[in-house]
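Asks: quick one, structure for this:
(one chain, ligands or ions: 1)
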Amino acid sequence: MSTETKDQAAQAKQDLFAHAKAPINQKLTAEQKIKLYTDMVRIRKFEQAALQSYQKGKMGGFLHLYIGQEATAIGTISLTEENDHIITAYRDHGHALAVGMTMNECMAELFGKFTGCSKGKGGSMHYFAPEKRYWGGHGIVGGQTPLGLGIAYALKYRGLKGCCLCYLGDGAINQGAFHESLNLASLWSIPVIYIIENNRYSMGTSQARSSAYPEAGLASRAEGYNMEWDRIDGSNLYEIRAKVHVAMERARNESRPMILEIDTYRYYGHSIADANHKKYRTKEEIEDYQNNKDPISVYQQILVAEGVLDEDKIKDIDSAAKEEAKASVDFAENSPYPPAQELLTDVYWTTDNPGQHSNQGRMFFNDRLPWDDEYQA
Ligand SMILES: Cc1ncc(C[n+]2csc(CCOP(=O)(O)OP(=O)(O)O)c2C)c(N)n1
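Replies: Sure thing, here's the model as predicted:
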């Protein structure tokens, strides 16, 4: 090995462990480290099973896979406390499993079944678990960013020490609603943390083609709003935890917002409909991430070096996650579809014209209004 290659290898090793000693990571027990690893593997196996089921024609609608980005959901959500909230976009399976939603309720939702987390009416893009402080799954690009601001505003208003983690893609940072949110977040000192999961593409459009100043990075836009920002290697779970923890403590204690840009990659196309993703990115680029920056392999390497994981344990975790995912497919298959009367329950519709209430839906989660019966056909 040449001196230069040796130096590069030594540097890479140093980078790998650079954040292992951060206080938040040093506190982790061996069991907790294994759980973080297992949780990432569970996301991957769940999605592989979902993809197979989709290909067998078991579900309709969209399916946006999170494979390649697992360390972001697990690294960040593992830091949440009782007053912290989460909201995300449509690539939401990883966050859902990270907050503790079960594979069964998530898989059943993909299958459109009544046992799904949104009773089969939301599908892949609309996972929800308010009881776990997980406010979804939003299909309008950037639509969750003002909502995340509102959730964090509510925390401040109620005097609670918490923050809202609001995830968005690199494509969403050019949305107007996001910039309005940034301005208010800073102006009113709101404890919202915007986490840009920069997987380099919005559908088939690379960042270089969609951002006017890509060299500056995406998080640095925070400076225009007098906000702090940081950039994070999305393949390294320890780095994610170390840097996001700092942001969360600031948000909780000083009620300041922040933008974090996590560099990551998605292995599959934008959605199941994007079978031609190799047309807008090279095979080499995909393989580079898979071979050198895969978040699960990177963390596995760290834990093996720390003596926390070994071959047998890795195999056990892998097969247990595979079994769990397979069982969730069986659960979804055997679950019923929503009954017809579900069609109009939990539907949000609001109008200023009372005459429309009876024929165009109901007001806010099944609340009956005094005039509802009057207008029944
Ligand atoms: C307001 C709006 N415009 C366009 C779309 C269509 N659309 C869906 S996803 C997407 C790309 C978003 O990419 P990014 O924010 O980078 O998220 P990623 O898919 O990388 O997670 C677009 C343009 C939409 N859903 N909403």
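Asks: gap between the residue nearest to residue 241 when sequence neighbours are not counted and residue 25?
Replies: In space, and not counting its chain neighbours, residue 241 is closest to residue 75: 4.9 Å by C-beta to C-beta, 6 or more residues apart in numbering. Bear in mind the C-beta positions are built from the backbone N, C-alpha and C, glycine included. Between residue 75 and residue 25 the computed distance is 10 Å (C-beta to C-beta, to the nearest Å).
Asks: shouldn't residue 178 be in contact with residue 172?
Replies: Yes: using C-beta atoms under 8 Å, residue 178 is in contact with residue 172, at 6.1 Å.
Asks: where do the contact lists of these two overlap?
Replies: 142, 145 (C-beta atoms under 8 Å, 6 or more residues apart in numbering).
Asks: who's more crowded, those two?
Replies: Neighbours per residue, other C-beta atoms under 10 Å: of residue 178 and residue 172, the larger number sits with residue 178, 25 against 22.
Asks: which non-adjacent residue is nearest that one?
Replies: Nearest residue to residue 178 in three dimensions, chain neighbours excluded: residue 145, at 4.5 Å (C-beta to C-beta, 6+ apart).
Asks: so who does the one you found touch?
Replies: 166, 168, 172, 175, 177-178, 181, 194.
Asks: how about a cut-off of 6 Å?
Replies: Contact partners of residue 145, counting by C-beta atoms under 6 Å, 6 or more residues apart in numbering, are 168, 177-178, 181.
Asks: let's have those in a markdown table, adding secondary structure and pLDDT.
Replies: Formatted as a markdown table, these follow (DSSP: H, G, I helix; E, B strand; the rest coil; pLDDT from 0 to 100):
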| residue | secondary structure | pLDDT |
| --- | --- | --- |
| 168 | strand | 98 |
| 177 | helix | 97 |
| 178 | helix | 98 |
| 181 | helix | 98 |
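Asks: ok, which of these also contact the ligand?
Replies: Near the ligand, judged by C-beta under 6 Å from any ligand atom, there are no entries from those.
Asks: which one of the residues you listed is nearest to the ligand?
Replies: residue 168 (6.2 Å; C-beta to the nearest ligand atom).
Asks: contacting residues for that closest one?
Replies: With C-beta under 6 Å, 6+ apart, residue 168 has these contacts: 89, 145, 196.
Asks: which ones among the residues you listed lie within strands?
Replies: Of the contacts of residue 168, the ones assigned to strands by DSSP state E are residue 196.
Asks: I'd like the contacts of residue 168 laid out as JSON lines, including distance to the ligand and pLDDT.
Replies: Converted to JSON lines, the contacts of residue 168 look like this (distance: C-beta to the nearest ligand atom, whole Å; pLDDT from 0 to 100):
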{"residue": "89", "distance to the ligand": "6", "pLDDT": "98"}
{"residue": "145", "distance to the ligand": "11", "pLDDT": "98"}
{"residue": "196", "distance to the ligand": "9", "pLDDT": "98"}
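Asks: now the longest helix anywhere in the chain: buried residues?
Replies: When the chain is parsed with DSSP state H, its longest helix is helix 30-55. Residues of helix 30-55 classed as buried: 33-34, 36-47, 49-50, 53-54 (neighbour count, 16 or more other C-beta atoms under 10 Å).
Asks: next: stretch 259-271.
Replies: In stretch 259-271, counting by 16+ other C-beta under 10 Å, buried: 259-271.
Asks: what does the stretch 51-200 of the chain have sitting close to the ligand?
Replies: Residues of the stretch 51-200 of the chain lying near the ligand by C-beta under 6 Å from any ligand atom: 91, 139-141, 169-172, 199.
Asks: let's see 5 Å
Replies: 91, 140-141, 169-172, 199 (C-beta under 5 Å from any ligand atom).
Asks: and the residues you listed, which two are the farthest apart?
Replies: 140 and 199 (18.6 Å; C-beta to C-beta).
Asks: looking only at neighbour counts, state which of those two leads.
Replies: Using other C-beta under 10 Å as the criterion, residue 140 and residue 199 rank with residue 199 on top: 24 against 12.
Asks: any idea how far the ligand is from the closest residue to the more buried one other than its chain neighbours?
Replies: In space, not counting the residues next to it along the chain, residue 199 is nearest to residue 266; the distance is 4.5 Å by C-beta to C-beta, 6+ apart. According to C-beta to the nearest ligand atom, to the nearest Å, residue 266 stands 7 Å off from the ligand.
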